[in-house]
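Visitor: A structural model of the following input is requested.
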Amino acid sequence: MYYSGLVVTCKAGHFDSVGRLLRDLPVEVHQSDAASGRYVVVLEEASVDAETEQFRRIRTLEGVADVSLIVHRSEPGDAPD
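Guide: Below is the predicted model:
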């Protein structure tokens, strides 16, 4: 499995709507801070390609200003052969 920790920064006035959109995706929202307009999100995917596609999907959500990759790791024992 492949894991990425992201910080999703929202455009002004879009914090709640971005939160709803994130919760509709197969990601985990670990923290949210309305004052800064940011969410901390974790992706868990079976391949790097799937992980990259999910990252792109989040970047294109309505109201998202920026997505920053904070940490990336893989669990080799869990990765497909």
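
Visitor: Name the surrounding residues that touch the lengthiest helix in the chain.
Guide: Counting by DSSP state H, the longest helix found in the chain is helix 48-59. Here helix 48-59 makes contact (Cβ atoms under 8 Å, 6 or more residues apart in numbering) with 2, 4, 6, 8, 22, 25-27, 41, 43, 45, 64, 67, 69. For the C-beta atoms, the positions are set from N, CA and C on the backbone; glycine is no exception.

Visitor: For Arg23, grab the count of nearby residues.
Guide: 11 (other Cβ atoms under 10 Å).

Visitor: picking up where we left off before, mind checking which of the contacts of helix 48-59 land in helices?
Guide: Those of the contacts of helix 48-59 lying in helices (DSSP H): Leu22.

Visitor: Farthest-apart pair in the contacts of helix 48-59, please.
Guide: Within the contacts of helix 48-59, Tyr2 and Val64 form the most distant pair, 21.3 Å apart (Cβ to Cβ).

Visitor: what sits up against the longest strand along the chain?
Guide: As assigned by DSSP state E, the longest strand anywhere in the chain is strand 64-74. The contact list for strand 64-74, computed with Cβ under 8 Å, 6+ apart, reads 1-11, 14, 18, 37, 40, 55, 58-59.

Visitor: Most neighbours among the contacts of helix 48-59, please name it.
Guide: Ranking the contacts of helix 48-59 using other Cβ under 10 Å puts Val8 first, with 25 neighbours.

Visitor: nearest spatial neighbour of that one, skipping sequence neighbours?
Guide: In space, and not counting its chain neighbours, Val8 is closest to Tyr39: 4.4 Å by Cβ to Cβ, 6 or more residues apart in numbering.

Visitor: Can you get me a residue count around the one you found?
Guide: 25.

Visitor: give me the beta-bridge partners of it?
Guide: Val8, Ser32 (DSSP bridges).

Visitor: any idea how far it is from Pro76?
Guide: Going from Tyr39 to Pro76 by Cβ to Cβ, to the nearest Å gives 29 Å.
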